[in-house]
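Student: requesting a structural model of the entry that follows:
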Amino acid sequence: MTEAETSNGSCNGRLRGRIALITGASRGIGAAVAKAFAREGAQLVLVSRTVGGLEEIDDEVQALGAPPATLVPLDLQSFEAIDQLGASLFERFGKLDVLIANAGILGALSPTGHIDPKVWQRVIDINLTANYRLIRSLEPLLRQSEAGRAVFVTSGAAQGVRPYWGPYAVSKAGLEALVRNWAGEVTKTNLKINMVDPGGTRTAMRALAYPTEDPALLKTPEDIAEHFVPLAMADCSRHGEIISLK
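Tutor: Down below sits the predicted model:
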């Protein structure tokens, strides 16, 4: 874990003083949420595989007047590293106010019987199992907050039939079951747990899935990011919901 020096940036927004961890923070929806949270005064912990991508987003965050983010270069298939993340954050902050579990991969679009087992496992690891490990590692920190909040990014692929999308659809259906169960377990605590289904959004993953689609017809990650702010606020009362932005 690398950490930039503390700054006295002027942040007076709706998330002022709240510590928010965002996975998949170096691009797309994750990067847009990071900037939206920075404008609202959050202290950010940004997680992604690449140091360079994290540093670029941190530069943008600081340009918005927010303090430097805590940067965590982490491959979400490194489950032991996720386990250690909670302890590291406890030493640094003593708590976590917000978890935004955004990271995900598409995997192969292929007939189910043709999918390489390694591709299947990678999609399940990152889209599903890593989120279980994040819950396991970070729930104690969220409980230390006066108003712990968690938001997971899901997809319409989790619902109904989506031929050729086997690994991705299964991983998102599993994620929704995981999050609903966790939400049910913490109803008598200070935690509020929700999901966001962004629908069609102008991201690299969407371009990979629909290469002939005109991206100008899609919502931007910045359009999506604003919907995460109310779910991260201390006065959020929504719980166990899927917020669809289609």
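
Student: and Pro117, how many neighbours?
Tutor: 7 (other Cβ atoms under 10 Å). Yep, even glycine has a C-beta here, placed from its N, CA and C like the rest.

Student: any idea how far Glu222 is from it?
Tutor: 37 Å (Cβ to Cβ, to the nearest Å).

Student: please apply the same query to Thr129.
Tutor: 30 Å.

Student: repeat that for Val72.
Tutor: 23 Å.

Student: so where is this protein shaky, pLDDT-wise?
Tutor: Across the chain, the ranges flagged by pLDDT under 70 are 1-11.

Student: which residues of it fall in helices?
Tutor: For the chain, the helices defined by DSSP state H occupy 28-39, 51-63, 79-92, 117-124, 130-144, 166-185, 204-209, 221-225, 228-232.

Student: make a markdown table out of those helices and add distance to Ile100.
Tutor: Putting the helices of the chain into a markdown table (distance: least, Cβ to Cβ, whole Å) gives the following:
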| stretch | distance to Ile100 |
| --- | --- |
| helix 28-39 | 6 |
| helix 51-63 | 13 |
| helix 79-92 | 14 |
| helix 117-124 | 20 |
| helix 130-144 | 10 |
| helix 166-185 | 13 |
| helix 204-209 | 17 |
| helix 221-225 | 10 |
| helix 228-232 | 6 |
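
Student: right, so of the ones you listed, which gets closest to Leu191?
Tutor: Checking the helices of the chain against Leu191 by Cβ to Cβ gives helix 130-144 as the closest, at 5.8 Å.

Student: show me how far that closest one is from its chain's centre.
Tutor: Relative to its chain's centre, helix 130-144 lies at 13 Å (Cα atoms, centre = their mean, to the nearest Å).

Student: in terms of secondary structure, what does that helix contact?
Tutor: strand 19-23, helix 79-92, strand 98-101, strand 149-153, helix 166-185 (3 or more Cβ pairs under 8 Å, 6 or more residues apart in numbering; DSSP states H and E).

Student: quick check: buried residues in the second one?
Tutor: This points to helix 79-92. By neighbour count on 16 or more other Cβ atoms under 10 Å, the buried set for helix 79-92 is 79, 81-82, 85-86, 88-90.

Student: again, but for the shortest one
Tutor: Of all the residues in strand 98-101, those buried under the rule 16+ other Cβ under 10 Å are 98-101.
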